[in-house]
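In: what shape does this take:
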Amino acid sequence: MRKILLFTLILALSVSILGCTNADYTDQMNKDEKPKQEIQNNAKSDEELVKNLIEEFGSKLKMVSLLAPEDILRKSMQDNYGGLVTQELIEKWLQDPINAPGRLTSSPWPDRIEIISMERLSQDSFKVEGVIAEITANEEIAAKRPIVLTVKKINDKWLIVDVILEPYDENNSISYKNTEYGFSFTLPESWEGYKIINDQWEGLSTNDSQGEKVVEKGPMISIRHPKWTDENPRQDIPIMIFTIKQWDLLQEGKFHIGAAPIGPRELGRNSKYVFALPARYNYAFPEGYEEVEDILKGSPLKPFEN
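Out: Sure thing, here's the model as predicted:
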């Protein structure tokens, strides 16, 4: 009888100890699981915050005119980029605005950043790869420019600390690059073997006392289709090159070019030159003029600094 009671007591103690052990194990598992879940939630939250940061930054690019005077540019960058990028990065861009992200021409303009990939470099930094989509007034994509951004968490706030702008995406195309004046021009693959024709534009005085006197002149570069011949000429792509001062004088009506009632159309500019399309350049409607019109709709001229 005593043995039976002893066995029963031992069995009861064993069950009790086992129950406590299982409960402790379960509690410990729950405690271990909570930090893991919190880490996953934080990681997901960080990615969402960085994604929102890049998208907001991309929406501000069109608001910053990189060719504006320095004081206006500084205010524009502070108003639009402040709180999204570090102050050090803004100062870097102000020293070299042409190579900063923003708006260079009236059309096309940067509309947004499309994110391609996000890579976590550390607990407090991400590398984001994407493209800047540039659109025209018709909201058609005219060009895409790859961009790489480094984002870091500084004082509990995600900020862009570095930006790398890469060459424009020019798939299935070729490019003419002029390093003397600072511009490139994207052409369809069918223009491979094109020729460059160098000419000159002349500006005539609007002062009656001077008559039709040439008061300004400058270079004009024409890109010629490889199938152009004397017997079968095709439409060239003419690009007039003005200094900033000459362009301002032209806009002020100090001289005129040709007999057309309208002046040249600006295609783009850098800090030294304005690149423009002559008025009525295709008045004779030669073969290929429709193709040239389509090329120009894509805003193929991209200015850069020498």
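In: quick check: residue 124 vs residue 96, distance?
Out: 27 Å (Cβ to Cβ, to the nearest Å). Yep, even glycine has a C-beta here, placed from its N, CA and C like the rest.
In: more neighbours, the two?
Out: residue 124 (13 against 10; other Cβ atoms under 10 Å).
In: which non-adjacent residue is nearest the more buried one?
Out: residue 153 (4.0 Å; Cβ to Cβ, 6 or more residues apart in numbering).
In: any idea how far residue 162 is from that neighbour?
Out: 14 Å.
In: how about the strands in the stretch 151-300 of the chain?
Out: Using DSSP state E, counting those that start in this stretch, the strands of the stretch 151-300 of the chain run over 157-165, 173-178, 183-188, 195-205, 214-224, 237-243, 255-256, 265-269, 273-277.
In: now the first one: average pLDDT?
Out: Per-region confidence: strand 157-165 scores 96 on mean pLDDT.
In: which residues touch the residue nearest the centre of the chain?
Out: Using Cα atoms, centre = their mean, the residue of the chain that lies closest to the mean C-alpha position is residue 132, 3.9 Å off. Shown in contact with residue 132 (Cβ atoms under 8 Å, 6 or more residues apart in numbering): 58, 61, 101, 110, 112, 113, 144, 145, 146, 147, 165.
In: flag the shaky bits of the stretch 1-150 of the chain, pLDDT-wise.
Out: 1-44 (pLDDT under 70).
In: can you give me the helices in it?
Out: Along the stretch 1-150 of the chain, the stretches classed as helices by DSSP state H, counting those that start in this stretch are 2-60, 70-81, 87-95.
In: could you pull out the buried residues of the last one?
Out: Which is helix 87-95. 89, 90, 93 (16 or more other Cβ atoms under 10 Å).
In: go on, the second one?
Out: Along helix 70-81, these residues count as buried under the neighbour rule (16+ other Cβ under 10 Å): 73, 74, 76, 77, 80, 81.
In: count the residues that sit near residue 286.
Out: Residue 286 has 14 nearby residues by other Cβ under 10 Å.
In: with adjacent residues omitted, what lies nearest to it?
Out: residue 235 is the one closest to residue 286 (Cβ to Cβ, 6+ apart), at 4.9 Å.
In: pretty sure the one you found sits against residue 283.
Out: No: when contacts are counted by Cβ atoms under 8 Å, residue 235 is not listed as touching residue 283 (10.8 Å).
In: neighbour-wise, which of the two wins?
Out: Remark: of residue 235 and residue 283, residue 235 carries more neighbours, 22 against 10, as counted by other Cβ under 10 Å.
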